[in-house]
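**Q** Sharing a model prediction with you, sequence too.
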Amino acid sequence: MQDKIYLPLLLVAIALVAFFAYLNLKLTGLPQFDVQGTVHLLFQKTLYVQALKDLAHFTGGYALDLWGLFVFFSMASLIFWVGGLWTNYCSEEAIKNPLPIKWALGSATLSLIWFFFASIKLIQSNIAFILLALGLAIGISRLPTLFIQLKKYFIDFKSWTNIDKFTALFLFGWSMVWVANAFIPETWYDSLEYQLGLPSYYIANREFKPNPNVLFSYINQNAQMVYVWSLLAKSEVALKLWNFSFLLMLDLAVYSFIKKLTYRFCGLIAVLMMNLMPMMIWQTTYASNDLQTTFYLLSGWILLVNNQLFLSGCCLGAAFGTKYTALGFILCCFVGALILYYKKANRGQWFKNLSVWLIGLSLFAFPWIIRNTIYTKNPIYPFYQKIFKNNPIKNWHTEQVFLGLAPPKGDQPRALIKNYKQLIGALIGIEYNNTVMYQTGWILGIFIIGIVPFLHQSTVDFKIAQASAVVALLGLLQMSGMVMNPRYAMMCIIFFLIPVASAISVLANSRWKQAMLLGTILSNLFFHGTLKNLTRHGIQPWTLALVGAGVERFDFTVPLFPFIGIHDFNAMNQFCEKNINDNGKVLMIGIFTPYRFTRPFHYSAYIDRQRIDELLDSCQEPAQLRDLMLNSNLNYVLFDALGWKEYVQNQFSTMTPEKFILLNKFFKLHARQMANTQNLILFKITN
């Protein structure tokens, strides 16, 4: 009887996948798998010889990779140990696999520790190395236990079915394709400007204060705190491995949770669907915070479902401490908790449970709330300025700018429709902003069939699947007020995997149905977004990593914005290190991506006004501008003509012909050129 009901549903899911594949083909044409680019480097023996020579002197790409692995091992060991201190309060029955929860709580705790170090001006390398030494000692002492645990996993793996073994081995190999991105220099614009740009700013200036010319320096930055730790240890590789590890931990969390609710195949298939989304893989290839936010939210939800209220609050607080977009989703999780527990406890017990949950939430959320309140008098700056009755620090610090230049309020209905068209288009394969990295592939058809748990109470805990779906749908709804970048919906998609797994548990109730479903999902390998990902973030990074692509010998550019090459920036940074002996800051003009600069500096982000533009507002003569800069300890100027040209053409610029004349006179009378590269010029301010 069940076959008569569920076989047609399975066929409908497959038909929907085929339909979306056809629609994608019609809209975007045949997918292309471009294996050109950097692959020819693999056959140049001189690159390997040079890389090995560099390694002998502990320089170059190979040396950076080895040092990064060492730093990451120490970081990860300490993270798991700290996380284990938290999970000691959980029973084994409550958490099927404590490893992801340890990673979540350990990472959040180390972020908080570095938040306090930074707040009291202890952004110092010696503290970073002390923590790494502690992590190294812990890691070495636990290696025997690790090997024993791995042996147990291997013995258990041998008892799996063939289809489960194949799926697991495919997932392992698929994950290894993307890890090479950790071993090549960072090139993603947002990372260079914010995720790594802000940690560089804090380290260079030895202070943890917001930069008025970088709006995003006021928001929560859990990820950036760990990046500070890694950069103080002189390792970009380690921080990118840390970010990549969130995919592995998310895989384990999804697999363990869904396996507990259903059975192994459903957990593996859910992880496979997640890993075949271009949107998901892209998050692992650069230093970001979206993947971390999603992982913290899911960890908090898993703990909430298992009645671990305090630790659930801690993880959800860590999510808010990582990214503002988590706040609305935390409220959605609260609604999900109402669905699960409203009838199971009296009013007194409810208030007690809520208090415990809020204490955990506050522990990791309040430090950022307090910081913002001190600097802006608004705990969630720049939102709800009217409620908190204060003016923004700068007049362009608005919700619209923060959300990506949202449409005017009078056009909200049309904006809402546009947001959802954009989201649905990305889901079915239409390119968003000329990039395939925001898509989910063709598996949307199987997601649609996830509605089955609402129609039938399957063997899975129906309430959990129902509550998870409600959380996901409410999350999509609350995000619709912003310019919805599809990657913001990633957390909703991951939550919807739970009811999807519930559907799979009743749809794929035989081996041949499981094989049909597995083949349908694997067809996403031929999705054009997947193929582009394989080229750009799979083959090319592995090629560069194998030939030792350290920052000393390779250059990269980012096509989205005018951007100076790594060689130019490193050369100028080295010149400043050798030739600037005072404590004066370097004012960057037209430079939006300051990552890797080590002298004290001040920069402005792409969606902010340039500091020099602001200074010119109050100047009538070149000498006034000189005095303003020197009084602000801005003794040097690093100028990028391409970036400056880009700035004066965007909507944040207030440059006028009079300002240009004044600025030109200033450079002629009060600026002495010290050095220049292909794109950069360094000036010293003189009398």
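**A** On my side now, so go ahead. Numbers count the residues shown, from 1 in each chain.
**Q** Quote the end-to-end distance of stretch 191-209.
**A** End-to-end distance for stretch 191-209: 19 Å, by CA to CA, to the nearest Å.
**Q** Sort out which residues of it are buried, please.
**A** Neighbour-count burial for stretch 191-209, with 16 or more other CB atoms under 10 Å as criterion, is recorded at 191-205, 208. (Each C-beta comes from the backbone N, C-alpha and C, glycine too.)
**Q** which secondary element of this protein has the worst mean pLDDT?
**A** Sorting the helices and strands of the chain by mean pLDDT, DSSP states H and E puts helix 452-455 at the bottom, at a mean of 63.
**Q** separation between Phe115 and Phe366?
**A** Separation of Phe115 from Phe366 (CB to CB, to the nearest Å): 11 Å.
**Q** Those two: which has the busier surroundings?
**A** Phe115 (21 against 15; other CB atoms under 10 Å).
**Q** any idea of the pLDDT on the more buried one?
**A** On pLDDT, Phe115 comes in at 97.
**Q** Who are the contact partners of it?
**A** Contact partners of Phe115, counting by CB atoms under 8 Å, 6 or more residues apart in numbering, are Asn222, Met225, Pro367, Trp368.
**Q** Any of those residues buried? List them.
**A** For the contacts of Phe115, buried by 16+ other CB under 10 Å: Asn222, Met225, Pro367, Trp368.
**Q** Which ones among these map onto helices?
**A** Counted as lying in helices by DSSP state H, out of the buried ones among the contacts of Phe115, are Asn222, Met225, Pro367, Trp368.
**Q** so the first one touches Phe295, yeah?
**A** No. Counting by CB atoms under 8 Å, Asn222 sits too far from Phe295 to count as a contact (11.5 Å).
**Q** And the next helix or strand past the strand or helix carrying Asn664?
**A** Take DSSP states H and E as the rule and Asn664 turns out to sit in helix 657-670. The first helix or strand that comes after helix 657-670 along the chain, using DSSP H and E, is strand 671-676.
**Q** For that next one, which helices and strands make contact with it?
**A** Packing partners of strand 671-676 (3 or more CB pairs under 8 Å, 6 or more residues apart in numbering; DSSP states H and E): helix 566-579, strand 680-685.
**Q** Now do that strand: everything it contacts.
**A** So strand 671-676 is in contact with Met572, Phe575, Asn579, Tyr636, Val637, Ile681, Leu682, Phe683, Lys684, Ile685, Thr686, going by CB under 8 Å, 6+ apart.
**Q** Specify the local secondary structure of the residue lying closest to the fourth one once chain neighbours are set aside.
**A** Right, the one you point to is Tyr636. Nearest residue to Tyr636, sequence neighbours excluded (CB to CB, 6 or more residues apart in numbering): Val586, at 4.4 Å. Classification of Val586 using DSSP: H, G, I helix; E, B strand; the rest coil returns strand.
**Q** hmm, back to that, I'd like the contacts of Phe115 written out as CSV, with distance to Leu522 and pLDDT added.
**A** Formatted as CSV, the contacts of Phe115 follow (distance: CB to CB, whole Å; pLDDT from 0 to 100):
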residue, distance to Leu522, pLDDT
Asn222, 35, 95
Met225, 39, 97
Pro367, 44, 96
Trp368, 42, 96
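**Q** Tabulate those in TSV, adding columns for distance to Asp608.
**A** As requested, the contacts of Phe115 are exported to TSV (distance: CB to CB, whole Å):
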residue	distance to Asp608
Asn222	22
Met225	22
Pro367	24
Trp368	20
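**Q** so Leu630 sits right up against Ile685, yeah?
**A** Yes. Using CB under 8 Å, Leu630 is in contact with Ile685, at 6.1 Å.
**Q** between the two, who's got more neighbours?
**A** Ile685 (20 against 15).
**Q** and Leu262, how far is that from Ala270?
**A** Slight slip there: residue 262 is Thr, not Leu. Distance, Thr262 to Ala270, by CB to CB: 9 Å.
**Q** Can you check which residues contact both of these two?
**A** Common neighbours of Thr262 and Ala270 (CB under 8 Å, 6+ apart) are Ala501, Ile504.
**Q** Doesn't Asn635 lie inside a helix?
**A** No. The assignment for Asn635, made by three-state DSSP, is strand rather than a helix.
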